[in-house]
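> Can you look at this prediction? I've put the sequence above it.
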Amino acid sequence: MNIPSLSIASLKDRVENFSFKALLFPIFGILVFVLLWQVGASRVHTSLGEFPGPTVVYEQWNSLVTEHHNERVKEDKFYQRQEKRIEARQAKDPNYVGKLRDYTGKPTFFDQIFTSLYTVLAGFGLASLIAIPLGILIGLNSSVYSALNPIIQVFKPVSPLAWLPLVTMVVSASYVSEDPMFSKSFLTSMFTVTLCCMWPTLINTAVGVAAVEKDLLNVSKVLRLGWITHVIKIVIPSAIPLMFTGLRLSLGIAWMVLIAAEMLAQNPGLGKFVWDEFQNGSSNSLGRIMVAVLMIGFIGFLLDRAMLVIQRFVSWDKTQVLR
């Protein structure tokens, strides 16, 4: 009777030791990085002053949070004043129908984070809708692969710097509307992200589909599955690991491309925030740019972890080690 209790206790110890190590090493790595950052920053002097260390960056973070809060207070007061004017006007004229004007204040750091996230997810989503079905088709048909492979290899390495002016001109020329649903800056950034990030998903999906085990293909033939059923039941589950490898790579590329596109085209978002602070050249600019750099990296990390969670949820092989 004591053997099970001992094994359970041993298992608990192993779990606790694993959890401790899983937390200890990342914390240790972060502390070493912060220490080296602080030491290195104090030795680097620029035209705008000393390179920002962790303390300065934390101060600028608090400043950006305060600015965001103050801007939201201004926005609330702006709408309150309009509502009071409309109520006063309606008291004199019951038939009067007021209209609230949109607040046009300066977007804050957090507003631009939301703009960048919305844009990158739209561009990545469109790229996935194109790349996954096309990758499945290429993986299943060698003739389609032979026809499209040269095109893929030509466009895959093209830089966003090359795509951006072309996309900007096409959007400006073709998207003409008196009451547009989306801004041209959003569409320009979104399509640039799509064109640059779709290739890893496309290639990895095609490779995953082409690598389906012959035993599974034989099972599909024996059961006489239809083409769509074969793809849904056999091909996609087998290709999910490589497919998600491509999706994770594509999402990382999409995030990098978007920041560069926003910076160059001056489209709203984190990239524009970094460029504006660089052009501003104040004593706080370096610290704010460093806040943006850390936030860009942290958001990229969260996006990758989110894709990993989705992969674990949809993968049929729950024992597979995913990192």
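That came through fine.

> And the pLDDT at Leu129?
pLDDT recorded at Leu129 is 96.

> for Asp13, same thing?
Asp13 is given a pLDDT of 55.

> Then Lys21?
pLDDT, read off for Lys21, is 69.

> Could you report the separation of Phe155 from Leu202?
10 Å (Cβ to Cβ, to the nearest Å). In this view, the C-beta of every residue, glycine as well, is placed from N, C-alpha and C.

> In the stretch 51-200 of the chain, mark out all the strands, start to finish.
Counting by DSSP state E, counting those that start in this stretch, one finds no strands in the stretch 51-200 of the chain.

> Show me where it has its helices.
Along the stretch 51-200 of the chain, counting by DSSP state H, counting those that start in this stretch, helices occupy 54-92, 109-140, 142-155, 160-174, 184-210.

> And Phe155 and Leu202? Which one has more around it.
When neighbours are counted by other Cβ atoms under 10 Å, Phe155 and Leu202 differ, and Leu202 comes out ahead with 25 against 13.

> and the more buried one, what does it touch?
With contact set as Cβ atoms under 8 Å, 6 or more residues apart in numbering, Leu202 has these partners: 130-132, 134-135, 138, 152, 246.

> In TSV: the residues you listed, plus neighbour count.
Formatted as TSV, the contacts of Leu202 follow (neighbours: other Cβ atoms under 10 Å):
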residue	neighbour count
Ile130	15
Ala131	26
Ile132	22
Leu134	18
Gly135	27
Ile138	25
Ile152	17
Gly246	26
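
> From those, pick the one nearest Ile228.
Comparing those against Ile228 with Cβ to Cβ picks out Ile132 as the nearest, at 14.7 Å.

> In this model Thr201 seems to touch that closest one, though I could be wrong.
Yes: between Ile132 and Thr201 there is a contact under Cβ atoms under 8 Å: 6.4 Å.

> shared neighbours of the two, which are they?
Met243.

> So what's the model's average confidence on stretch 245-260?
Stretch 245-260 comes out at a mean pLDDT of 94.

> can you check stretch 85-97 too?
On average, stretch 85-97 scores 82.

> dump the residue contacts of the residue lying closest to Leu195 once chain neighbours are set aside.
The shortest distance from Leu195 to any non-neighbouring residue, by Cβ to Cβ, 6 or more residues apart in numbering, is to Trp163 (5.1 Å). Each residue near Trp163 by Cβ under 8 Å, 6+ apart is listed here: 192, 195-196.

> Just among those, which is most surrounded?
Neighbour count (other Cβ under 10 Å) singles out Thr192 as the most crowded of the contacts of Trp163, with 31 neighbours.

> quick one, what contacts it?
Listed by Cβ under 8 Å, 6+ apart, the contact set of Thr192 reads 123, 160, 163-164, 167, 257-258, 261.

> switch the cut-off to 10 Å
Contacts for Thr192 were tallied using Cβ atoms under 10 Å, 6 or more residues apart in numbering; they are 119, 123, 160-168, 171, 254, 257-258, 260-262, 264-265, 267.

> any idea which of the contacts of Leu202 is closest to Leu23?
Of those, the one sitting nearest to Leu23 (Cβ to Cβ) turns out to be Gly246, at 30.8 Å.

> correct me, but that closest one touches Ile136?
No: the pair formed by Gly246 and Ile136 falls short of the contact definition of Cβ atoms under 10 Å, at 12.0 Å.
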